[in-house]
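[1] let's see this in three dimensions:
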Amino acid sequence: MTTLQTVFAKAKADNRAALVGYLPAGFPTKQGAVEAAAAMVEAGCDVIEIGLPYSDPLMDGPTIQDAVHRSLLNGTRIADVMRTVEGVAKTGAATLVMTYWNPIDRYGVERFARDLANAGGVGTITPDLTPEEAGQWREASASAGIDTVFLVAPSSTEERIKAVVECCTGFVYAASLMGVTGARESVNVAAEDLVARTKAHTSLPVCVGLGVGTGKQAAEVAGYADGVIVGSAFIRRLLDAPDSAGGLSAVRELAAELRAGVASR
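    This next block holds a predicted model:
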């Protein structure tokens, strides 16, 4: 199993940032998610985040909301998420689950951590779980041997950044802007400052997400961050594709473009 520590160490040795791709489980179909993620890995993604579909995705923009809605219509459940993780982990990419807290809580905290580890998952990103409420999840994750990733944002105070990074293992997720997910024309200029402020409090890798969708943007972010996270741009390629084969070709092409970007910082 590829760990996050292995991924970032290799990327650093190659003098580049790591490329992190996101897709919801069950989109465009249950098997299609595994195939799309495998295509992304084949073309250059080092890490894959598998989204756990949730009916109230507060942080997600319209593109991811559309994909999540289709996933839920496909009947995707947590068991399907675990099967997706298992399939993607077999590609050799470090595989995480990105999920809101409520599904973990309802499933059972220890059970979720254990099942994710057994599926080959290396950790979770929990965007709505605060450091003050993360004790039980951190303990369960440590027991299962998986990483915990939390978010900092441009509005985060120094005190808040310090509290967040103390809860993180694996890496720190730096949200480049306040607001919902989605590819944009440019990456928020506050992202670079946020990464610098975060690095002052931790030796963990810091990855930037929200807004990246092109190779040029990936190169820009790779100039100051340890990892570049891309989600909506991959999903948009799948949504716009005429068929499954076209979708796989499109995400493979985008992953190659982004990989070239993170390698040219």
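
[2] so for stretch 151-162, mean pLDDT?
    Averaged over stretch 151-162, pLDDT sits at 96.

[3] grab the longest helix from the chain for me.
    helix 244-263 (DSSP state H).

[4] state the helix or strand in which residue 7 lies.
    Residue 7 is part of helix 4-13 when elements are defined by DSSP states H and E.

[5] quick one: buried residues of that helix?
    Judged by neighbour count using 16 or more other CB atoms under 10 Å, the buried positions of helix 4-13 are 4-5, 7-8, 11. For every residue, glycine as well, the C-beta is placed using N, CA and C.

[6] swap in stretch 235-243?
    235-239, 241.

[7] JSON lines for those residues, including secondary structure, pLDDT and distance to residue 29?
    Listed next are those as JSON lines, based on DSSP: H, G, I helix; E, B strand; the rest coil; pLDDT from 0 to 100; distance: CB to CB, whole Å:
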{"residue": "235", "secondary structure": "helix", "pLDDT": "97", "distance to residue 29": "14"}
{"residue": "236", "secondary structure": "helix", "pLDDT": "96", "distance to residue 29": "17"}
{"residue": "237", "secondary structure": "helix", "pLDDT": "97", "distance to residue 29": "16"}
{"residue": "238", "secondary structure": "helix", "pLDDT": "97", "distance to residue 29": "10"}
{"residue": "239", "secondary structure": "helix", "pLDDT": "96", "distance to residue 29": "13"}
{"residue": "241", "secondary structure": "coil", "pLDDT": "97", "distance to residue 29": "13"}
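
[8] how about the residues you listed in JSON lines, adding distance to residue 70?
    Converted to JSON lines, those look like this (distance: CB to CB, whole Å):
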{"residue": "235", "distance to residue 70": "10"}
{"residue": "236", "distance to residue 70": "13"}
{"residue": "237", "distance to residue 70": "15"}
{"residue": "238", "distance to residue 70": "10"}
{"residue": "239", "distance to residue 70": "9"}
{"residue": "241", "distance to residue 70": "13"}
